[in-house]
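Student: only geometry, no sequence info:
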DNA sequence: TGAGGTTACGCCTATCGTAATAATG
DNA sequence: CATTATTACGATAGGCGTAACCTCA
């Protein structure tokens, strides 16, 4: 399980559409399709129910999606926080050194 | 940023020791070292302060670690929940089909 | 001087895009 | 028959282990 797969999964889940997910993430259809399939194989459950072109979330997928969206947004906010912290230093790149404790 | 890197980071952060992190994750020292370095490069901040052999969390690292641990445990619990759900079905593998809605 | 973190190097797997295939509306 | 998901296939980037290197206690 890798973030790449989870990003693919989230995008497909929110749109229930592989092609549009691919366009949004700037990769090919097949990359998305394979990424999601691999994730399903690893988890051992169907995240989507496929009927022809339709790709709809399974209950497993719905449940898992909640966790995935929470985890991804936590990581995104963590990343954003770091940017803000560095931004505030504005020139004092080693300010954080002074906060270290030694024993 | 991938989960692999975050798992490496968490392990090193909790132990402040690359070699023991590597042993725990059954990979080489170099894999851990590179994974963490790449993460730092992508984030643009030092997650650790290195002094000789010492590898101690920087304030950035401390902040980011909180997000990482939360995200990773959410994903782990999401995965565990799926296992429990499938376990409960016990033989009725397509039970979830009945919960689908159509329009 | 040896324990431990980093870097170099070659290998190899995993992912990608293109293109063919399948399915269906 | 056009649209869209999946599969096949070859190419390539990225991650790994080994081993050399460097540093410090």
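Tutor: Here it is on my side, so go on. No experiment lies behind these values; they were computed from the predicted model shown.

Student: which parts of the strand or helix carrying residue A:80 are buried?
Tutor: Element membership for residue A:80 (DSSP states H and E) is helix A:59-89. Of all the residues in helix A:59-89, those buried under the rule 16 or more other CB atoms under 10 Å in any protein chain shown are A:59-61, A:63-65, A:67-69, A:71-72, A:74-75, A:78-79, A:82, A:85-86. Backbone N, C-alpha and C define where each C-beta goes, glycine included.

Student: Then stretch A:40-50?
Tutor: A:40, A:43, A:45, A:46, A:47, A:48, A:49.

Student: For those residues, which two are the farthest from each other?
Tutor: Greatest spacing in those, by CB to CB: A:43 and A:49 (14.8 Å).

Student: still on that earlier bit, format the buried residues of stretch A:40-50 as TSV; extra columns: secondary structure and distance to chain B.
Tutor: Shown next, in TSV, are the buried residues of stretch A:40-50 (DSSP: H, G, I helix; E, B strand; the rest coil; distance: CB to the nearest CB, whole Å):
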residue	secondary structure	distance to chain B
A:40	helix	10
A:43	helix	6
A:45	coil	5
A:46	coil	8
A:47	coil	9
A:48	strand	11
A:49	strand	6
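
Student: so which of those residues comes closest to residue B:35?
Tutor: The closest of the buried residues of stretch A:40-50, once distances to residue B:35 are taken by CB to CB, is residue A:43, at 23.7 Å.

Student: How much space separates the residue lying closest to the closest one once chain neighbours are set aside from DNA strand C?
Tutor: Distances taken as CB to CB, 6 or more residues apart in numbering or on different chains put residue B:82 closest to residue A:43, at 5.5 Å, once the chain neighbours are dropped. Separation of residue B:82 from DNA strand C (CB to the nearest atom of the strand, to the nearest Å) stands at 19 Å.

Student: Now do the same contact list for residue B:82.
Tutor: Each residue near residue B:82 by CB atoms under 8 Å, 6 or more residues apart in numbering or on different chains is listed here: A:43, A:44, A:45, A:60, A:63, A:64.

Student: ok, the first one touching residue A:64?
Tutor: Going back to what we said before, that points to residue A:43. Yes - counting by CB atoms under 8 Å, residue A:43 touches residue A:64, with 7.2 Å between them.

Student: quick one: common contacting residues for these two?
Tutor: B:79, B:82.

Student: centroid residue for chain A?
Tutor: The residue lying closest to the centre of chain A (CA atoms, centre = their mean) is residue A:7, at 3.2 Å.

Student: Now the one helix or strand that one maps to: buried residues?
Tutor: Using DSSP H and E, the element containing residue A:7 is helix A:3-15. Using 16+ other CB under 10 Å as the test for burial, helix A:3-15 gives A:3, A:4, A:5, A:6, A:7, A:8, A:9, A:10, A:11, A:12, A:13.

Student: give me the subset of these touching DNA strand C.
Tutor: The subset of those within reach of DNA strand C, by CB under 7 Å from any atom of the strand, is residue A:4.

Student: Tell me the one of the buried residues of helix A:3-15 nearest residue B:18?
Tutor: Taking CB to CB as the measure, residue A:3 is the one of the buried residues of helix A:3-15 closest to residue B:18, at 22.5 Å.
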